[in-house]
Every structure is written in structure tokens, then in C-alpha cells.
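# Take this sequence and fold it.
(one chain, ligands or ions: 1)
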Amino acid sequence: MPGLSIINIHKYFAKIRALAGISFNVQTSEIVAVLGPSGCGKSTLLNIIAGLELPDQGDIEWDGKSLAGVPTHQRGFGLMFQDFALFPHKDVFENVAFGLRMTNLPLEDIRVRVKEVLELVGLPGFEARDVNTLSGGEAQRVALARSLSPHPRLLMLDEPLGSLDRSLRERLVFDLRDILNHSQQTAIYVTHDQEEAFALADRVVLMNAGHVEQIGSPQDIYHRPASVFAARFLGLNNLLAGKICNLHGEPFISTSIGEIPLTLDMIEHSALAKQDISKLDGKDIMVLLRPDAVQINQNSNCQVKGRVLETTFRGSTCQVAIQVNHVPLRFDFPSSEELPHKGEIICITFTPSRAIQLFL
Ligand code: ADP
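Purely as a prediction, here's the structure:
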């Protein structure tokens, strides 16, 4: 289904390259999260989509039609920022009705829409409340209702939960997803928080230094990060330098923690698949050992042996740091398992095709 198309957007601020050729689509009713570290260009991209900033190159289209020259207020897009200040001297009704008043809608229709949208955000009957008496979560919902009330064809949310405490944020992210899905709202959600992006979005666009690093479903991105940057950004830090060896015999990857058998599906599921396989012998690569795909296994053939540096309880999982040949690695185990103690020497085993990912 058509919707928003972002086509090869470039943007410089003097000598700073903020965006270096961004392209992706947002289909109607889809929620796309734009995820990336601070400074990677997320807000600049939103401002360009909104028409608040001009690109140096590239185009923004809606349903295949260019929006070049269409001013912000005629794009039919809504914006909700982190510092979404409500109008302090207006009650909830007037805050939510704000965008509708601009459209010359009859007052009765405005009342119906405000009531509807307050019910949608879980604040029925809040019309007469003074906004200064609202809790942080309620104020957030009023701001969302205000953005949704004029039926924007695209809603853009820029770190909308960033200023709230963690538990409220976790709760609101699920509510927000339900509200957006229920109203079939097409949305772009900008965040640096992968958990928020994963919980909320149908698809995630991972950005790095002004370009798109990877686009995929939350599951794709988490299970198949496309690059070392993506892996690190997702907190997958067991990254080792490796070399492909003995390709024409029994191939393996030589790493600082030992030799890891190399199978064809490991190559096929990585960027190495695009290379000429016959030329991979001796190639330097990066190896990710996924933290959640190994077992502690004292009795079987030991693949990797290491000394436990520390264990950190994290609720449902426990993180165990292990020193292997002077390399610190971290693994997650269910905290219901019996866990090793600091100083203990343990064996870990893994299925390479599940636990290992390769990057160029
Ligand atoms: P993010 O939203 O991902 O934190 P931004 O889009 O705000 O990233 O910024 C991208 C880059 O562009 C950064 O290097 C930032 O310093 C720069 N930048 C953003 N806006 C301006 C501006 N108005 N003038 C100069 N540099 C800017």
C-alpha cells in the first residue's frame, strides 16, 4: 500500500553531513521506528518530512506525489515531540481541540472528535481538567490526543516518551502501540531506545551517521544484525576478529578464543554471501558470538573454557561475564538455572550456525 516515500535524502549543515542518502517507505497504517544513536540524523529527517527543513537533494512523496513546495501545514502530518508542552492556560478540551479549531469544523463536531480521541487514549471525561493537574503519563496522553485529533495522515513522534521514568515509559509504549494500531494510524516513531522501537514498530529503520544501516522487522534486526555497528548498537558485544581458514578442507574460523567450525549456512546468512566464496580463504572477518545462544555444559566436549569474572542478576536473565584467553565475553542465561560462581572455570558449548554470526 502506498503512503510515505523517502527518496535519497541528503542534508548538510555547513560542513556537517547530517543525512547521506536516506531512502525508505512507510506504508499506510504501518508503524516504522527510526532507531539510532544521538546525532545520527533522526530529527533532521523528521524535520525534512514535516517540511520544516529543506533537503539538499532527494524528495519526499505521499502516495507517489512529491511534497516539494508543500508547506508544513498543508502536508496533513502530525508531530509530537519529547518536550510536547501542553498549553498551560487551556483545559484538556481546548488542548485537544487545538488542531481542529484551525479547520473551521463546527463546534459540535469538535466536541464529538475530542470525546472520541480522549476515549481512544484512555482519558474519557477529562475534557474539563486543568492540564496543570495532570500526571506525567496523563499529560503525555493528552499530547497524543492533541496530535491525533485532526486525523493526520502521518503521525511523527520524536522520542515522545524520553522524559518519563522507566516504568511509565514501559507501560505507555504498549498503550501507544494499541492506540496507533486501533486507529490504523500511519506513524514514524523516532527513538534511540531499541526496546521501545522493538515493542512498538512493525518495521525498524536503523540509522548510523546519516545513512540507513539496516531495515527490517524487529525480529530480523535483532536476530540478524547486518553489520558490526548494528550488533554493537543492539548490545551484542561478543565481537572477535577472525580469519577464515582451510576453506577447501574442513573450514574453520581462527579467533582469539579458538577455532570455530565454519559451515555454509553461516556464510549464506551473512554479508559474505555476496562475495565470491572461492576467494574467502584467509579472509579477515568479524565474528559475533550471540550472548543468548550458548549453554554451560561441564560434561560434554568443551568448545570454549573460561573463568567466570562476575554474574549480574537482571530479573528473568542473569548475565555471566567470562574471561576466555584474556578476552572478556558476556552471556545471558535464564536466572532460574543454577549459575556458576565468580572465579569458577566453566565450559560453554554452542551450535555455531545458531550462535555465530559473521560480518565483513
Ligand atoms: P539525532 O536526532 O539523531 O540526534 P540530528 O538530526 O539532531 O540527530 O543531528 C544530525 C547531525 O546534524 C548532528 O551532527 C547535529 O549536530 C547536526 N545538526 C542538526 N541540526 C543542525 C543545525 N541546525 N545546524 C548545524 N548542525 C545541525
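
# For this structure, what lies in contact range of the ligand?
Applying Cβ under 6 Å from any ligand atom, we find that the chain lies next to the ligand at 13, 16, 18, 36, 38, 39, 40, 41, 42, 43, 44. In this view, the C-beta of every residue, glycine as well, is placed from N, C-alpha and C.

# Put the buried members of those residues into a ChimeraX selection.
To isolate the buried members of the residues of the chain next to the ligand in ChimeraX, using 16 or more other Cβ atoms under 10 Å:
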select :18,36,40,41,42,43,44
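
# Mind picking the two most distant members of the residues of the chain next to the ligand?
Farthest-apart pair in the residues of the chain next to the ligand is 13 and 36; separation 17.2 Å (Cβ to Cβ).

# Got phi/psi on the closest residue to residue 184 other than its chain neighbours?
Closest residue in space to residue 184, ignoring its immediate chain neighbours: residue 29 at 4.4 Å, by Cβ to Cβ, 6 or more residues apart in numbering. With angles defined as degrees, to the nearest 10, residue 29 sits at phi 70, psi 0.

# Could you do residue 263 as well?
Torsion angles, degrees, to the nearest 10, at residue 263: phi -110, psi 160.

# Tell me which helix or strand comes right after the lengthiest helix in the chain.
Secondary structure of the chain per DSSP state H: the longest helix is helix 166-182. Next helix or strand after helix 166-182 toward the C-terminus (DSSP states H and E): strand 187-191.

# Kindly export that following strand (C-alpha atoms) in PDB.
Taking Å, rounded to 0.1, in the frame of the first residue of the first chain, the C-alpha atoms of strand 187-191 are listed here in PDB:
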ATOM      1  CA  ALA A 187       3.300   6.600  12.100                       C
ATOM      2  CA  ILE A 188       7.000   7.200  12.300                       C
ATOM      3  CA  TYR A 189       8.500   6.800  15.800                       C
ATOM      4  CA  VAL A 190      11.900   8.200  16.400                       C
ATOM      5  CA  THR A 191      14.000   6.800  19.300                       C
END
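
# quick check: angle from it to helix 166-182?
In terms of direction (axes from the mean of the first three to the mean of the last three Cα atoms, to 10 degrees), strand 187-191 departs from helix 166-182 by 160 degrees.

# So which elements touch strand 187-191?
Applying 3 or more Cβ pairs under 8 Å, 6 or more residues apart in numbering; DSSP states H and E, we find strand 187-191 packed against strand 31-35, helix 42-50, strand 154-158, helix 194-200.

# among the ones you listed, which is nearest residue 215?
Of all the helices and strands packed on strand 187-191, strand 31-35 comes closest under Cβ to Cβ, at 8.7 Å.

# And for the closest one, what's in contact with it?
By Cβ atoms under 8 Å, 6 or more residues apart in numbering, the list of residues contacting strand 31-35 from outside reads 24, 26, 42, 45-46, 177, 180-181, 185-194, 196-198, 200-207, 233.

# Can you tell me the strand partners of that strand and which way each runs?
Partner strands and pairing direction for strand 31-35 (DSSP bridges) are strand 187-191 (parallel), strand 203-208 (parallel).

# so the first one versus helix 42-50, what angle?
If I follow you right, that is strand 187-191. When the same axes, to 10 degrees is applied, the directions of strand 187-191 and helix 42-50 differ by 160 degrees.

# just the angle between strand 187-191 and strand 154-158, please?
Using the same axes, to 10 degrees: strand 187-191 against strand 154-158 is 10 degrees.

# quick check: mean pLDDT across strand 187-191?
Computed over strand 187-191, the mean pLDDT rounds to 97.

# three-state assignment of the closest residue to residue 341 other than its chain neighbours?
Spatial nearest neighbour of residue 341, excluding adjacent residues (Cβ to Cβ, 6+ apart): residue 308 at 6.5 Å. Three-state call for residue 308 (DSSP: H, G, I helix; E, B strand; the rest coil): strand.

# quick one on the thing from earlier: tell me which other helices or strands the longest helix of the chain touches.
Counting by 3+ Cβ pairs under 8 Å, 6+ apart, helix 166-182 packs on strand 31-35, helix 136-148, helix 194-200.

# buried set for it?
Under the neighbour-count criterion of 16+ other Cβ under 10 Å, helix 166-182 has 169, 172, 173, 176, 177, 179, 180 buried.

# List the contacts of it.
With contacts defined as Cβ under 8 Å, 6+ apart, helix 166-182 is touched by 31, 120-122, 136-137, 140-141, 144, 148, 155, 157, 160-161, 164, 185, 187, 196, 199-200.
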